[in-house]
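[1] Here's a sequence, model it:
(chains A, B, C and D)
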There are 4 protein chains.
Amino acid sequence: MLPFESDYNNGAHPEVLHHLVETNNQTCQTYGHDQWSESARDKIRAAADAPNADIFFLTGGTQTNMTVIDGCIRPYEAVIAVETGHINIHEAGAIEFTGHKVVALPHHDGKMSSNDLKTYMQQFSEDESREHLAQPGMVYITHPTEFGTIYTKTEIEDIYAICQHYGLQLFIDGARLGYGMMADGADITLPWLSKHCDVFYIGGTKIGALCGEAVVFPHGNAPKHFFTTIKRHGALSAKGRTIGVQFDALFSDNLYFNISKHAIKMAMRLKNTLHSKGYQFFIDSPTNQQFVVISNERIHELSQKVEFTIWEPYDDNSKVCRFVTSWATTDEQMEELEKLL
Amino acid sequence: MLPFESDYNNGAHPEVLHHLVETNNQTCQTYGHDQWSESARDKIRAAADAPNADIFFLTGGTQTNMTVIDGCIRPYEAVIAVETGHINIHEAGAIEFTGHKVVALPHHDGKMSSNDLKTYMQQFSEDESREHLAQPGMVYITHPTEFGTIYTKTEIEDIYAICQHYGLQLFIDGARLGYGMMADGADITLPWLSKHCDVFYIGGTKIGALCGEAVVFPHGNAPKHFFTTIKRHGALSAKGRTIGVQFDALFSDNLYFNISKHAIKMAMRLKNTLHSKGYQFFIDSPTNQQFVVISNERIHELSQKVEFTIWEPYDDNSKVCRFVTSWATTDEQMEELEKLL
Amino acid sequence: MLPFESDYNNGAHPEVLHHLVETNNQTCQTYGHDQWSESARDKIRAAADAPNADIFFLTGGTQTNMTVIDGCIRPYEAVIAVETGHINIHEAGAIEFTGHKVVALPHHDGKMSSNDLKTYMQQFSEDESREHLAQPGMVYITHPTEFGTIYTKTEIEDIYAICQHYGLQLFIDGARLGYGMMADGADITLPWLSKHCDVFYIGGTKIGALCGEAVVFPHGNAPKHFFTTIKRHGALSAKGRTIGVQFDALFSDNLYFNISKHAIKMAMRLKNTLHSKGYQFFIDSPTNQQFVVISNERIHELSQKVEFTIWEPYDDNSKVCRFVTSWATTDEQMEELEKLL
Amino acid sequence: MLPFESDYNNGAHPEVLHHLVETNNQTCQTYGHDQWSESARDKIRAAADAPNADIFFLTGGTQTNMTVIDGCIRPYEAVIAVETGHINIHEAGAIEFTGHKVVALPHHDGKMSSNDLKTYMQQFSEDESREHLAQPGMVYITHPTEFGTIYTKTEIEDIYAICQHYGLQLFIDGARLGYGMMADGADITLPWLSKHCDVFYIGGTKIGALCGEAVVFPHGNAPKHFFTTIKRHGALSAKGRTIGVQFDALFSDNLYFNISKHAIKMAMRLKNTLHSKGYQFFIDSPTNQQFVVISNERIHELSQKVEFTIWEPYDDNSKVCRFVTSWATTDEQMEELEKLL
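    So this is what the prediction gives:
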């Protein structure tokens, strides 16, 4: 079977694995106080041009979202996301488990519109019953989005300006951050991002690590006792080295971005193929997730030989399907896939 | 000022107050084990033709919603409501505070459509990633709705059938239940309701009580240890008599429904006046809440002499306004209002 | 049956009831913005000599404890209480429901010792693994305690000093505050208390009201959006007047303290009787709860004619029993009881 | 520095690492549906003689405890542990975060006594106010305990019998399970344990894995939708293979128990040395954690060259210190340590 259903169906990138192996025999401090976690933090600070950043390593995406959101806002505050946001759908109610409402705005190709946000906040501010509502405390966006689309600098600037105007924190879910930054036409870089939000995370699980996400508070603005907050959410790794070592490798020699770029190259090749073969695109994505509409019959055939995701119904005869490339996608896999499409 | 902004801007109905006074000097058991609470339960069971019903008295609406929902569904389950549902907006995130997601469907004049519910459940059942989603566990509807509209028997039958098919519990918020049942054309009665849902509550605060809502599990189906659940939510009255005595009065001599009927009479009179004076109705409500569109100028004038609620913006020049009658609305108030409109 | 099992087995004090009746026909603002709530707040501010106090009216004790604690401390913080503290036992886990650990210290006749608190905080501060522990954020004490005992000024000063040294808030549960302040030898007054803690509440349910507790932030130090926090906990009364009117009466003409004093007079009379009849006291209480050890046989006899509470096992042949007087206890009831003891 | 402060200061066991490396290039299903997770489950079922066991892989101990406890008991239920239990102290309030009270019984060398449990449950059952208390739903014990001690078969049988009598679930935290089973005199085996509790977990993080714990419901008794519960707690690994591969190695060729046995051998050697050098034991532990009392001066000296944990104050001049061996402890490290002691 050709594996195009996700970017976490593989093991670790060889360099990441190599670093795990070469450091394995050394002992170290626990709970993220080890030498590799410290080194990884320094490298991320350098890459993000954020010398004062507070950085924490967590295991996975949902865990990171719930810990960051619950750790940063007050109990009576809600987080604003688009309706297709990961926290609003695919996290089994983990945010609500921590006591917070997710307020859902419409999405535009997976993105939040600063106008929608502005309108919501204006109406909220003018609503005479606003003290009876969950108080907006944070805006959550994903970059790239669940549909593979990316924000422009202007779009995030506009959102961040509204956040700052209304006292909202801006949190950017970067589960696939590398793929977003390496996309054609992407103008957002790590240093820029660090100046245009309050907290974000750099996804490792989907970009070469066995597990692990790096939470970055770029302005040294981690909430008080965030370490305890992580522990309280069951998100503290006893062997913090396991993630630290991996990020130490990912942020050496630009590995994180180089391997992200490879996935984009493969994705664009796939996009061209799909285009030339006349597939109908559901959305125009510049990153490693491609969404096309395929007839039910053709889905049945293809799925004998290719693994991909059936995203949602399109009409009675066809469905939206997702094909995903990753840092691990090979030319051979691409060739085989092209033959089958 | 003429008080038309809500149905809880008054004291208790005289009969209710009288019963509080006449029983005041007697001592009794605490925590709802008193003689009046028992008597009120019996009267409600009789009125609802539900001899096995489990009945609990709580203090207010939001408290009741959060306690019932959190007490009835499993932690990983969500409650489905319409987007305008009280629990989805005006309860400050109280449901999420208990750990549950509110899944919002579109509303139709404040009501849930059984088709929307069916579609949602079908898609959920077919979604390959459904184990990554909050599991639907309950449907929440209000009768009458936040817009004063009411369900027909057929509509609730259809919703209940879908609930039973998919293993969802049906919970009906009856904060204004009496007004809904006394509306022109209403075909839903207390005995009928008791046979067509899993749990509902009979609102007292908005229909003649100082405070208090009666939660009814009509089939004797209260969750295990629901008393402890009530306590854990801070919803257990030490002097349970305070609410018990009031419901004992409300369910004597059909008081609850008689006073509801009065509010409806006043509301229909108001509706006619608004109609004859050419006001634009925002929604066609047969109950004690009437919504009309009024120009900003006119709002300014009216609000010098009348209290009413500005519900939401309509356009740049006008707003949706709500006028509410209650069991306490007098003919004199109506006449004065009519002069001003 | 003679009712000595609690101080909330009765209705409202006549003056309180009278005020409810005389204000009943007036309309007002909702959610605690009514004229009587405002008046009650002013009277409490005056009685407490705390002109800037923020005051909120909630319905009952457990609800108040969970709302105040959860509203005042951060999610990762714990509240320190004695093991017999109401929040640690008799609230069905309501504090934990809000996500907070209750750290239990030993009790001394129901009271917290400042030495125990100091030791705990010292050890916590020196514990190298303290970031892995729930962070102490608040100290909770009851005055009078669950055993009817009362703190002295010095004792609370010592506790408050430790709180301030370690950055802990001090919260005093005053469900029976009036009884504590009117006890023989009590030196703590409302103005003094207002200067020696961060937040406390004045219990109404057990001292003459049908329901209601007044939360006082004496330094104007209510947490941001505490109104929303109350709503989110299901603790906001739509008809806030119901509680406001009652406290307006309780704080007129010193009623609250006068009726408390009556209960103390009755309790001291009971204490003398018990003493003269040779009953073994379990604890020496100066307030309206008296605890004595009674043989199982005698308990059986007495309980035919008197309602009292079996508190806990004492030994194989006897149990600790609690007798409670209240503002409503009559001389006749005392005489009858004395004959039976 | 000689590393004796914990059993998770090292990397992975070479065999575990090797398996990660040799499987790295294969693609697989996500979220624990991969071939190695399936294989590991089969091997654990065989080792536990529990063919119907439901098995889930989580990342770490606190996460496992909170997910299992919250997933197995009802919201209004509490978990009973000893006061020194990991969930009661060192998990930053994670259990309370999920809404559950931890009821603490006294410990006996870290263990729960079945008598204490029985007494607690008897008193609870007879307490007339028990519906006002958190309802006991589960018993949590650790094997081996936080003090390195182990239960006998009889002790667990007695506890389990009480659990079954009172309808409590028994959950055994096996963060260091291998060390407990390989201790001198240990009579509890994996198949026996599977028949004498409702759920337990096999710790990987402290016994050779980079991360990972295996939760076992030995009777096929996983709660409904436990997968969703895991996700909701942020505990679902997207790359489930990361843990599955490691447990697949640990349960091949008896590796898990063989390497546990090595740690025990090293610990007994250490124990003998400490004994012969006249150290005062704080507790008599047959497993890989050894607790001795050391003077402050000596602690200062030793800590220049050895890493160990200061557990708690003993008296003004000395402290309880913990030395831990692991599967990774070498003869060379032992020799060096022996010279220094």
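
[2] what residue lies at the spatial centre of chain A?
    Closest residue to the average C-alpha location of chain A: residue A:175 at 2.1 Å, with Cα atoms, centre = their mean.

[3] I'd guess that residue is in a helix, am I close?
    No: assigned with DSSP: H, G, I helix; E, B strand; the rest coil, residue A:175 falls outside any helix and is coil.

[4] okay but it is in contact with residue A:206, surely?
    Yes: counting by Cβ atoms under 8 Å, residue A:175 touches residue A:206, with 5.8 Å between them. All C-beta atoms are positioned from the backbone trio N, CA, C, and that covers glycine.

[5] who's in contact with the residue nearest to residue A:14 when sequence neighbours are not counted?
    Spatial nearest neighbour of residue A:14, chain neighbours left out: residue D:24 (7.7 Å); criterion: Cβ to Cβ, 6 or more residues apart in numbering or on different chains. Counting by Cβ atoms under 8 Å, 6 or more residues apart in numbering or on different chains, residue D:24 touches A:11, A:12, A:14, A:17.

[6] could you redo the last one with a cut-off of 7 Å?
    A:11, A:12, A:17 (Cβ atoms under 7 Å, 6 or more residues apart in numbering or on different chains).

[7] could the residues you listed go into TSV alongside distance to residue D:191, secondary structure and neighbour count?
    As requested, those are exported to TSV (distance: Cβ to Cβ, whole Å; DSSP: H, G, I helix; E, B strand; the rest coil; neighbours: other Cβ atoms under 10 Å in any protein chain shown):
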residue	distance to residue D:191	secondary structure	neighbour count
A:11	33	coil	25
A:12	35	coil	24
A:17	35	helix	21
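
[8] Kindly identify which of those also come near chain C.
    Applying Cβ under 7 Å from any Cβ of the partner chain to the contacts of residue D:24, one finds that nothing falls near chain C.

[9] between those, which is nearest residue B:313?
    Residue B:313 has its nearest neighbour among the contacts of residue D:24 in residue A:12, at 53.4 Å by Cβ to Cβ.

[10] right, and the closest one touches residue A:209 too?
    Yes: with contact defined as Cβ atoms under 7 Å, residue A:12 and residue A:209 form a contacting pair (6.1 Å).

[11] show me what contacts the residue in chain A sticking out farthest from the centre?
    The outermost residue of chain A relative to its centre, with distances by Cα atoms, centre = their mean, is residue A:128 at 36.3 Å. Contacts for residue A:128 (Cβ under 7 Å, 6+ apart) come out as residue B:310.

[12] does it sit in a helix, a strand or a coil?
    Classified using three-state DSSP, residue A:128 is coil.

[13] got a pLDDT number for it?
    With respect to pLDDT, residue A:128 scores 91.

[14] any idea how far it is from residue B:311?
    Applying Cβ to Cβ, to the nearest Å, the value for residue A:128 to residue B:311 is 10 Å.

[15] Same check on residue A:209?
    Taking Cβ to Cβ, one finds residue A:209 at 51 Å from residue B:311.

[16] The two: which is more packed in?
    The neighbour comparison of residue A:209 against residue B:311 (other Cβ atoms under 10 Å in any protein chain shown) goes to residue A:209, with 28 against 21.

[17] Extract the C-alpha trace of the longest helix along chain A and format it as PDB.
    Assignment by DSSP state H gives helix A:255-276 as the longest helix of chain A. Taking C-alpha atoms only, helix A:255-276 is exported to PDB below (Å, rounded to 0.1, in the frame of the first residue of the first chain):
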ATOM      1  CA  LEU A 255      17.000  20.000   9.400                       C
ATOM      2  CA  TYR A 256      13.500  20.900  10.400                       C
ATOM      3  CA  PHE A 257      13.100  23.200   7.400                       C
ATOM      4  CA  ASN A 258      15.000  21.200   4.900                       C
ATOM      5  CA  ILE A 259      12.900  18.100   5.400                       C
ATOM      6  CA  SER A 260       9.800  20.200   5.400                       C
ATOM      7  CA  LYS A 261      10.800  21.600   2.000                       C
ATOM      8  CA  HIS A 262      11.100  18.100   0.700                       C
ATOM      9  CA  ALA A 263       7.500  17.300   1.600                       C
ATOM     10  CA  ILE A 264       6.400  20.500  -0.200                       C
ATOM     11  CA  LYS A 265       8.300  19.500  -3.300                       C
ATOM     12  CA  MET A 266       6.600  16.100  -3.300                       C
ATOM     13  CA  ALA A 267       3.200  17.800  -2.700                       C
ATOM     14  CA  MET A 268       3.600  20.200  -5.500                       C
ATOM     15  CA  ARG A 269       4.600  17.300  -7.800                       C
ATOM     16  CA  LEU A 270       1.400  15.500  -6.700                       C
ATOM     17  CA  LYS A 271      -0.600  18.700  -7.200                       C
ATOM     18  CA  ASN A 272       0.600  19.000 -10.800                       C
ATOM     19  CA  THR A 273      -0.200  15.400 -11.500                       C
ATOM     20  CA  LEU A 274      -3.700  15.700 -10.100                       C
ATOM     21  CA  HIS A 275      -4.200  18.800 -12.100                       C
ATOM     22  CA  SER A 276      -2.900  17.400 -15.300                       C
END
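
[18] which strands and helices sit next to it?
    Counting contacts by 3 or more Cβ pairs under 7 Å, 6 or more residues apart in numbering or on different chains; DSSP states H and E, helix A:255-276 is packed against helix A:177-181, strand A:289-295, helix A:331-340.

[19] what residues does the stretch 201-341 of chain A put near chain D?
    Residues of the stretch 201-341 of chain A found near chain D (Cβ under 7 Å from any Cβ) are A:205, A:210-211, A:228, A:231-239, A:242.

[20] of all those, which two lie farthest apart?
    Most distant of those, by Cβ to Cβ, are A:210 and A:228, 26.0 Å apart.

[21] Between the two, tell me which one has more neighbours.
    residue A:210 (29 against 23).

[22] give me the element the closest residue in space to that one that isn't next to it in sequence is part of.
    Nearest non-adjacent residue to residue A:210, counting by Cβ to Cβ, 6+ apart: residue D:242, 4.3 Å away. Assignment of secondary structure by DSSP states H and E places residue D:242 within helix D:241-250.
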